[in-house]
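> Structure here, sequence nowhere to be found:
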């Protein structure tokens with residue numbers, strides 16, 4: 001079956017536009033702290049609010065099998081519009097930590113109808129070469145996640161208020177939703193469910209291969225978002241230890257996170273020859289090694305080595321993400337694929353809250369120099385789950 005050539009590029013661009021909402025708050029975090037008089041630990045709380053919203057959103061979508069029962073393109077548009085609106089909520093005057101957490105939570109809830117639904121749309125079109133297709137899709141997520149940091153740097157250079165980062169990311173989300181709705185109809189491999197199947201949440205885990213892929217993904221998620229959230233903290237800590245260091249935290253954060261999009265795409269192609277499972281395992285092993293070695297970067301008085309190390313870490317920490325999603329998608333039935341992806345996303349993002357809050361607590365009460373080595377727990381357990389299939 002011939003797929004129109006526009007489909008994958010449109011999905012990728014739309015995913016990039018909409019997932020720019022994810023770290024919009026992180027990119028302007030110093031401004032939020034200053035504008036609303038927030039404590040320094042607001043970084044962890046506001047980041048976790050997005051993750052928690054995403055978790056409850058994916059949980060609701062999974063139990064109600066939303067993306068398998070309704071048109072994924074319409075779900076994507078509706079959630080993109082909601083996410084855009086809630087993202088603007090942080091601009092309200094007289095906001096405090098509680099209202100900011102609420103709006104970031106609602107933004108995260110909306111993203112539950114964007115990221116996993118985007119993967120569902122891709123799987124409805126690309127039965128063969130799914131790993132490569134999801135590589136482009138997750139690459140768009142990575143670039144979208146990093147993009148607010150670039151917007152922050154640009155707005156600072158042309159004397160625009162930090163609020164423009166929020167405005168622009170909301171506009172991008174609307175554009176992304178409209179692109180999917182207008183240009184990507186339901187795919188040829190879509191199999192529609194007629195009614196909710198509440199037991200599906202547990203049913204998908206009965207298959208050993210599915211559990212193996214899921215547990216590998218969970219270990220990967222322990223590390224991924226905690227690393228992304230704390231990249232500016234790592235850079236800021238290095239600057240404090242080495243005042244002579246001369247680099248922009250915003251632009252450097254953008255490149256460290258954003259270059260991971262290339263790793264996602266490359267991983268998809270490599271997996272076609274090397275195997276999806278083995279490619280994912282290699283990336284997970286390398287990122288775990290970076291976690292263990294991370295304390296050393298603070299003691300080396302070289303900003304070049306620091307940035308090169310973090311770029312390498314940023315590449316391998318996310319290269320396995322589309323590969324795990326591919327393994328999950330291939331080990332479930334077509335009519336349950338959207339819900340299965342949503343379930344695994346839900347659990348995975350629940351794990352990110354634990355790792356983010358752990359680092360947030362340790363960063364306030366202990367030395368920043370060694371805390372990132374704890375992220376290696378995820379890759380170690382993920383590799384164990386991937387190769388030693390979890391028994392029923």
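Cool, got the structure. Predicted model only: the values in this text are computed from it and were never measured. Numbers count the residues shown, from 1 in each chain.

> heading toward the C-terminus, what's the first helix or strand past the helix or strand bottoming out on mean pLDDT in the chain?
When the helices and strands of the chain are scored by mean pLDDT, DSSP states H and E, helix 200-203 comes last with a mean of 62. Scanning forward in sequence from helix 200-203 by DSSP states H and E, the next helix or strand is helix 208-241.

> contacting residues for residue 267?
Counting by CB atoms under 8 Å, 6 or more residues apart in numbering, residue 267 makes contact with 135, 279, 280, 283, 319, 320, 322, 323. Glycine gets a C-beta too; all of them are placed from N, C-alpha and C.

> Return the distance of it relative to residue 340.
With distances taken as CB to CB, to the nearest Å, residue 267 is found 21 Å from residue 340.

> Next, residue 38: secondary structure please.
What DSSP: H, G, I helix; E, B strand; the rest coil gives for residue 38 is coil.

> Hmm, it is touching residue 30, no?
No. Between residue 38 and residue 30 there is no contact under CB atoms under 8 Å: 10.1 Å.

> Pull the residues that contact stretch 298-305.
Counting by CB under 8 Å, 6+ apart, 237, 238, 241, 242, 245, 246, 247, 297, 306, 368, 369 sit against stretch 298-305.

> residues of it that come out buried?
If you call a residue buried by 16 or more other CB atoms under 10 Å, then stretch 298-305 has these buried ones: 298, 303.

> average pLDDT for it?
The pLDDT scores in stretch 298-305 average 86.

> all strands of this structure, in order?
With DSSP state E as the definition, the chain shows no strands.

> quick one: low-confidence ranges for it?
Applying pLDDT under 70 to the chain flags residues 1, 127-131, 156-160, 187-204, 334-335, 338, 389-392.

> residue at max distance from the center of it?
Here the centre of the chain is the reference, and by CA atoms, centre = their mean the most remote residue is residue 244, at 32.8 Å.

> can you pull the contacts of that one?
Residue 244 touches nothing, counting by CB under 8 Å, 6+ apart.

> what's the answer for residue 167, then?
Neighbours of residue 167 in contact, by CB under 8 Å, 6+ apart: residue 88.

> re the thing from before, among the contacts of stretch 298-305, which ones are buried?
Looks like these have 237, 238, 297, 306, 368, 369 buried, using 16+ other CB under 10 Å.

> For residue 163, which residues are in contact?
Contacts of residue 163 (CB under 8 Å, 6+ apart): residue 91.

> should've said residue 6
residue 183.

> ok, so what distance separates it from residue 136?
Residue 6 is 13 Å from residue 136, by CB to CB.

> Then residue 329?
Using CB to CB, we find residue 329 at a distance of 15 Å from residue 136.

> more neighbours, these two?
residue 329 (24 against 20; other CB atoms under 10 Å).

> if I read this right, the more buried one contacts residue 340, doesn't it?
Yes. Counting by CB under 8 Å, residue 329 touches residue 340, with 7.3 Å between them.
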